[in-house]
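[1] okay, here's the prediction I keep looking at, along with the sequence it came from:
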Amino acid sequence: MNTMIFRDMSYGVYVTTSLDGDRPVGCITNSIMQITSDPATIAVSVNHDNYTNSCIAKTGKFAFSILSENSDPSLIGTFGFQSSREADKFKDVDMEMAAGLPVIKDSCGYVVCRVIDTMETQTHTVFLGEVIEAESYGKSDNAMTYAYYHKVVRGKAPKNAPTYLPEVDGKDTPSTEEKKTGKWVCQVCGYVYEGDELPADFKCPVCGQGADKFKKVE
C-alpha cells in the first residue's frame, strides 16, 4: 500500500482551540471539513493524546482559526509540537475571544462551533459541531494547505496528526529528496536549514528551537 497518495488529498492547516476552565488551549489540526450548509456543521478530528481533545469534550465547544501562507510559521511549532498540559501556548500570541473561545488573529479568520455529536476511532475523536459564529479578517492571503506546509515551509507532521506518515515524518528529513551536505534538520519539527554552517544562534522558524536541536544530514 502506497500511503504517500494521502499527501495528494486536500487539507488545510488550522489552530483548533477550546478552554480549560478559563485557560485558553489549542492544537494544530488539519482534518477539518464542512459537513452541511444549513445548518452549517463542521467536523474536526483531534487525537486522544491532545489535551485539547478532553477540553472540547468538557466545554462542548471548539473554534478553529484558518492559518494563511503568511501566518507566522512559529504558530505551527507552538500549537503543533507542544502540549497545553504544560505550556501556555497563547503567551505572546495575538488572539481575541469569539463567542467565548480563543481565536488566532494572525489568520484568515475563524469559526466557532457547538459540539452536537462525536465519533470515536482508535486514536482520534471526530467532533461534529454546529457553527455559532464565523468571521473573516478580510486578508487577501491564501489559506495554508498541508501541501504548502510540507513543500514550502518544509515541516513534518506531528505524531498526533491524522496525516502522520511514519515512513516520511518519522525520518530525519521531511521529503524524499536526495540528501546533500550542508543540510541541518530540526529534530522537533523537521524544518531543513541549508547552508555551509548552522549559526550558533539560529532559531527554527517553525518551532522556535535553538541550534542544539538540529542534526546535520551527512
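    Okay, I see it.

[2] the residue nearest the centre of the chain is in what secondary structure piece?
    Nearest to the geometric centre of the chain sits I28, at 2.4 Å (CA atoms, centre = their mean). Applying DSSP states H and E as the criterion places I28 in strand 23-29.

[3] buried set for that strand?
    Neighbour-count burial for strand 23-29, counted by 16 or more other CB atoms under 10 Å, picks out P24, V25, G26, C27, I28, T29. (Each C-beta comes from the backbone N, C-alpha and C, glycine too.)

[4] helices or strands up against the very next helix or strand once past that strand?
    Proceeding N to C from strand 23-29, the next assigned helix or strand is strand 32-37, under DSSP H and E. If you count contacts as 3 or more CB pairs under 8 Å, 6 or more residues apart in numbering; DSSP states H and E, strand 32-37 packs onto strand 40-47.

[5] could you give the angle of the strand it packs on to strand 23-29?
    Strand 40-47 and strand 23-29 are oriented at 90 degrees to each other (axes from the mean of the first three to the mean of the last three CA atoms, to 10 degrees).

[6] neighbouring strands for the strand holding I28, and are they parallel or not?
    Sheet pairing of strand 23-29 (DSSP bridges) gives strand 14-20 (antiparallel).

[7] neighbours around the residue nearest to the residue nearest to the centre of the chain when sequence neighbours are not counted, how many?
    Among residues not flanking I28 along the chain, G80 sits closest, at 3.6 Å (CB to CB, 6 or more residues apart in numbering). Other residues near G80 come to 27 when the count uses other CB atoms under 10 Å.

[8] pLDDT score assigned to G80?
    G80 carries a pLDDT score of 87 in this model.

[9] and K216, by the same measure?
    87.

[10] quick one, phi psi at it?
    The phi and psi values for K216, taken as degrees, to the nearest 10, are phi -80, psi 130.
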